[in-house]
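Participant: sharing a model that was predicted from the sequence below.
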Amino acid sequence: MPDWLIEIVPVTPTEPGGPTAAFKPATQDVLVGDNITWTNRTEASHQPVPLNPKPLAWPASFGVDPVPPDQSCNPTYSVVAPVQLDSNGQPVIDPNTKKTIPVYGPVTYQCKDHPNEVGTFNILKVPPTFS
Amino acid sequence: MSPRDLTSARRSGIRNFVLAAAAIAILIAPLAANAQSFVKCPPFGEPLLKIKEIDRNKTDKKLEGVMDVKDQDRIVWFPSINGSPEYCATQHLRYFDGYATGDTMSAMDAMAKECPKCPLPGPTLRARVGDLVQLSFFNEINLTNFPSSQYLDREGCDETAGIYPSNKSTGGTINDQYPNCFHGSSTANVHFHGTHTNPGSTGDNVLLQIRPTPRVKGKPVVDRDTFKESFHNFFQDCAVNLATKPSYWPTNYTKQMPEYYRNKQEELLKKHDEGLDAEQKLWPPNEEAIKAGAWPQYYIGAYPICYQLPEYPEGKVPAIPPDPAAADPRILQMGQAPGTMWYHMHKHGSTTLNINNTLIGAYIIEGKYDDQLMDFYKTTATNKNWWDVDDTKKYDKNVKVMVIQQVSVTPNLERAAGQGRPIFSVNGRRQPVITMHPGEVQLWRIVNGPARSGAYLVPPAPTATSLQWVQIAQDGVQFNPKNYFPPAAGAASQPIMMSAGNRVDLLVRVPPGASGSFPIQVYDVVKATELPTANQAQPKVPEPLVTVNVVSEAGKDPDPAMPFISTEKFPTFPSFLPDIPESSIFSRKNLTFNSTTRATGANHTINGNKFGDNIDQVMLLNTNEEWTIVNTTADFLDKTKRAQPGAIMHPSTSTSIRSRSLRSSIRGIRSTCTPPRSRSQVRIATSTPTTRRRGIPAR
């Protein structure tokens, strides 16, 4: 399974109060079980945390500690997919597998200390094909 | 305090250090060329790449140059997921590069146009028995491109949230702890696997830990010029001290390593240690070792490698067991065998990841074996097609050096379970093609470089015009002519099992009249159950490892056809490798290897112990021992259904090895019998079991 390195890089704000850092790439295609490492190329600390979907569909945390300047994150994050919820907001259990049902597609995250810094994983069920 | 708590506490030390450093110098690395993405896989069936070489200087009898470890994005193949076909992605890998003194371009730069972003093995090293090896070694890995858990060399483990080093919080069984956990994978050294030389100091020293150079504004603090004069002076001293007799020189760090290098290393290590907890610091153990007269273990950025490949005196026969009273200390008890060796990074705690990341390469040590093969094929009038006389071409035409790889990015235990095995490639390509002419014989030097999988090679079905092969060497040692059995015309060739780390030399022959293609099939074998001979209801499916395309060209096909070398002309077996007689065995020992699965803790042990600082075996110098190695790892197959018990690393079986307690022979025993991640230490006692340990730096 692949590993992905996502940089946190300095950017020039385009409006007052705009973000001074960004995730690069802003959107990363991933597979369930891939490992992600954020590396911080700015002068401030950043901490990626989940944004959408919300818990219970998605873990409340990546388990990743704040990333100091010029460092990479610890621990590494292993991608899990959000799960399908019922009308009460509870996870649906597949009667055949007795497991939750993964939902593939885009999920967003943000910096805990700088909420306007937002990134996206696009969780794929299978890798893309190329002709 | 739990291991996780401990690790977290230590991380805070790192953060303090980094923040303090940031206050002094603004450390903003230039943005890396981060272009990791899913990509179209390179096509199968491209020509086998010839990996660029760091070649010896014939005049000086030296293998002299630069080796370095770097990192960049390279293409990696991945196995099917959720029914998908095999797929590819660019991934950030560490790799070896280098060049011989006088070359104008590094090996990887020279191959970049031919095979961009290919996950190539390191440059092939080429030396000759008797040569001096002098390599300036640099670690230029940019640590910020890898998870920060890999920043620690002592008392730290890699971490994947909820998975590793402990997954007990999520109901798992993994509970790895330092030093037996993945850690420090950007910290470098080089194991020259198969060399019979100095196993300590600046020789084949696997206990060295050479950290990446620090960087300021992205630029390395330690570069080619930092120790240029120090290394130059050291190599001169080394050449003088190893010129007259084989020795362990250098043995005294304070007196024999250049003062500037020692002082600068102390400065760099102390700077590195700032803000770290006491047990994580690297300078104190170095200082302790130096005071005790041992060789220090930790360095930053650069290290000089210097050792000799000892040549055994022509016509001598060693006494078995050695007679210390009669022995002339200037006479070797054993020499370097010529053959196909390999090298790889060997950081304890990260050897698997090092190897997965392409930190491996072939190491050809030439000698009488090569001369005699060459004589047969070159000097026989009808066989003059073997090895061009022109030296610039001699390795291209009939000799192929192949490094089998299974490139991947993170060990299984550090990621979610059940994600398949890495995929075989050869010299950075999938299922490459070799062109041969009808009537041609080639020498294939094959290194099985994966950290785990065996490669079971199956020859084409026998016909009068099928490709045939015969094995002539194993693990860098040629066969005794008594064990050389080339197949008769049209007869079957023998399948070959190459466990992880094995090397095999094959003579491969395409008979006259042959045409078409001959795929060489390979089975990915970890357990006995996966062998095609394992009598399984659903046997594994092989795939081509390489394919030989037979091309006939008027005037270029060997005529008459080239034969396998005759038994009479087969290279002479080295006199220093006689059988060890039963009567000379001083003591016998049993070693029991065992590995448990991820579900049962993923523990790897020898006699029930994991790797540590304890010395598990003591041998008396100048005696012979017989070790019986038993592998009790379960493979879930009824023994009666196993066709080849003991053929590979996992079957429950036993094997016996007789070892001579010559200093240089110990490394070979250890390397051959233990998987890379588990290692037992051996002490050689010079008189009694209480004498000092040798070659094991204090920690």
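Facilitator: Structure received. Numbers count the residues shown, from 1 in each chain, chains lettered A, B, ... in the order given.
Participant: quote the end-to-end distance of stretch B:607-614.
Facilitator: Terminal residues of stretch B:607-614 lie 13 Å apart, using CA to CA, to the nearest Å.
Participant: same check, this time on stretch A:9-29
Facilitator: One end of stretch A:9-29 sits 19 Å from the other (CA to CA).
Participant: name the residues that touch it?
Facilitator: The set of residues external to stretch A:9-29 that reach it, using CB atoms under 8 Å, 6 or more residues apart in numbering or on different chains, is A:4, A:6-8, A:36, A:38, A:41-44, A:46, A:48, A:106, A:111, A:114, A:116-122, A:124, A:128, B:28, B:31, B:34, B:37-38. C-beta coordinates here come from the backbone N, C-alpha and C atoms, glycine included.
Participant: where does residue 90 land on pLDDT?
Facilitator: No chain specified, so I'll use chain A. In this model, A:Gln90 is scored at 92, pLDDT.
Participant: ah, I was thinking of chain B
Facilitator: With respect to pLDDT, B:Thr90 has a value of 97.
Participant: burial count for B:Tyr253?
Facilitator: By other CB atoms under 10 Å in any protein chain shown, 17 other residues sit near B:Tyr253.
Participant: filter the contacts of stretch A:9-29 to the buried ones?
Facilitator: Burial by neighbour count, judged by 16 or more other CB atoms under 10 Å in any protein chain shown, picks out A:4, A:6-8, A:36, A:38, A:41-42, A:46, A:48, A:111, A:114, A:117-121, A:124, B:28, B:34, B:37-38 from those.
Participant: where along chain A do the strands fall?
Facilitator: Applying DSSP state E to chain A gives strands spanning A:3-10, A:21-24, A:27-31, A:35-40, A:48-52, A:77-78, A:105-111, A:118-124.
Participant: partners of the last one, with directions?
Facilitator: So the one you mean is strand A:118-124. Sheet pairing for strand A:118-124, assigned by DSSP bridges, gives strand A:27-31 (parallel), strand A:105-111 (antiparallel).
Participant: for it, C-alpha coordinates in CSV please.
Facilitator: Listed next in CSV are the C-alpha coordinates belonging to strand A:118-124 (Å, rounded to 0.1, in the frame of the first residue of the first chain):
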residue,chain,number,x,y,z
VAL,A,118,-8.4,22.9,4.9
GLY,A,119,-7.4,19.8,3.0
THR,A,120,-9.2,16.8,1.4
PHE,A,121,-8.6,13.1,1.0
ASN,A,122,-10.4,11.4,-1.8
ILE,A,123,-10.8,7.8,-0.5
LEU,A,124,-10.9,5.4,-3.5
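Participant: the nearest residue to B:Ser466 once chain neighbours are set aside: what's it in contact with?
Facilitator: When the adjacent residues along the chain are set aside, B:Ser466 lies closest to B:Pro460, with 4.8 Å between them (CB to CB, 6 or more residues apart in numbering or on different chains). For B:Pro460, the set of contacting residues under the criterion of CB under 8 Å, 6+ apart consists of B:Ser466, B:Leu467, B:Phe518, B:Pro519, B:Ile520.
Participant: and those residues, which is closest to B:Lys70?
Facilitator: B:Ile520 (31.9 Å; CB to CB).
Participant: mind listing what that closest one touches?
Facilitator: B:Leu457, B:Val458, B:Pro459, B:Pro460, B:Pro544, B:Leu545, B:Val546, B:Thr547, B:Val548.
Participant: in strands only, show me those residues.
Facilitator: With DSSP E as the criterion, strands contain B:Leu457, B:Val458, B:Pro544, B:Leu545, B:Val546, B:Thr547, B:Val548 from among these.
Participant: now, which of those residues sits nearest chain A?
Facilitator: Ranking those by separation from chain A, with CB to the nearest CB as the measure, puts B:Pro544 on top at 22.2 Å.
Participant: how about the closest residue to chain B within chain A: what's its closest non-neighbour residue?
Facilitator: Closest contact between chain A and chain B, by CB to the nearest CB, is at A:Gly63 (2.9 Å). Nearest non-adjacent residue to A:Gly63, counting by CB to CB, 6+ apart: B:Ala161, 2.9 Å away.
Participant: pretty sure that neighbour sits against A:Asp65.
Facilitator: No - under the criterion of CB atoms under 8 Å, B:Ala161 makes no contact with A:Asp65, lying 9.5 Å away.
Participant: in terms of neighbours, single out the busier of the two.
Facilitator: Between B:Ala161 and A:Asp65, B:Ala161 has the larger neighbour count (other CB under 10 Å), namely 23 against 18.
Participant: tell me the contacts of the more buried one?
Facilitator: For B:Ala161, the contacting residues are A:Phe62, A:Gly63, A:Val64, A:Pro75, A:Thr76, A:Tyr77, A:Ser78, taking CB under 8 Å, 6+ apart as the criterion.
Participant: in CSV, list those residues along with pLDDT and neighbour count.
Facilitator: Conversion of the contacts of B:Ala161 to CSV gives the following (pLDDT from 0 to 100; neighbours: other CB atoms under 10 Å in any protein chain shown):
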residue, pLDDT, neighbour count
A:Phe62, 93, 23
A:Gly63, 92, 18
A:Val64, 93, 23
A:Pro75, 93, 28
A:Thr76, 93, 29
A:Tyr77, 95, 26
A:Ser78, 94, 23
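Participant: and the residues you listed, which two are furthest apart?
Facilitator: Greatest spacing in the contacts of B:Ala161, by CB to CB: A:Val64 and A:Ser78 (10.7 Å).
Participant: what's near enough to touch A:Gly105?
Facilitator: Contact partners of A:Gly105, counting by CB under 8 Å, 6+ apart, are A:Asn122, A:Ile123.
Participant: gap between it and A:Phe121?
Facilitator: 9 Å (CB to CB, to the nearest Å).
Participant: could you do A:Ala57 as well?
Facilitator: Counting by CB to CB, the separation of A:Ala57 from A:Phe121 is 14 Å.
Participant: what about the helices in the stretch 101-250 of chain B?
Facilitator: Secondary structure of the stretch 101-250 of chain B (DSSP state H, counting those that start in this stretch): helices located at B:107-111, B:228-243.
Participant: flag the shaky bits of chain B, pLDDT-wise.
Facilitator: When the per-residue scores of chain B are filtered using pLDDT under 70, the ranges that remain are B:1-34, B:149-150, B:322-331, B:379-396, B:613, B:634-699.
Participant: the domain parsing of it - what is it?
Facilitator: Each structural domain of chain B that the record assigns through automatic domain parsing is listed here as a residue range: B:3-309, B:582-685.
Participant: possible to save those domains as TSV with distance to B:Pro512?
Facilitator: As requested, the domains of chain B are arranged in TSV below (distance: least, CB to CB, whole Å):
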stretch	distance to B:Pro512
domain B:3-309	23
domain B:582-685	34
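Participant: looking at these, which one is packed in the most?
Facilitator: Comparing the domains of chain B by mean neighbour count (mean count of other CB atoms under 10 Å in any protein chain shown), domain B:3-309 ranks first with a mean of 19.
Participant: what residue in chain B comes nearest to chain A?
Facilitator: In chain B, no residue comes nearer to chain A than B:Ala161, which is 2.9 Å away by CB to the nearest CB.
Participant: so which bits of the stretch 551-699 of chain B are right by chain A?
Facilitator: Where proximity means CB under 8 Å from any CB of the partner chain, the stretch 551-699 of chain B presents no interface facing chain A.
Participant: hey, where'd the strands end up in the stretch 551-699 of chain B?
Facilitator: B:585-595, B:604-606, B:617-620, B:624-631, B:653-660, B:682-685 (DSSP state E, counting those that start in this stretch).
Participant: can you tell me which residues contact the residue most central in space within chain A?
Facilitator: For chain A, the residue lying nearest the average C-alpha position, counting by CA atoms, centre = their mean, turns out to be A:Tyr109 (4.8 Å). Under the criterion of CB under 8 Å, 6+ apart, the neighbours of A:Tyr109 are A:Pro48, A:Val49, A:Pro50, A:Leu51, A:Phe62, A:Val118, A:Gly119, A:Thr120, A:Phe121.
Participant: thought the fifth one was touching A:Asn35?
Facilitator: The one in question is A:Phe62. No - A:Phe62 sits out of contact with A:Asn35 when judged by CB under 8 Å, with a separation of 11.2 Å.
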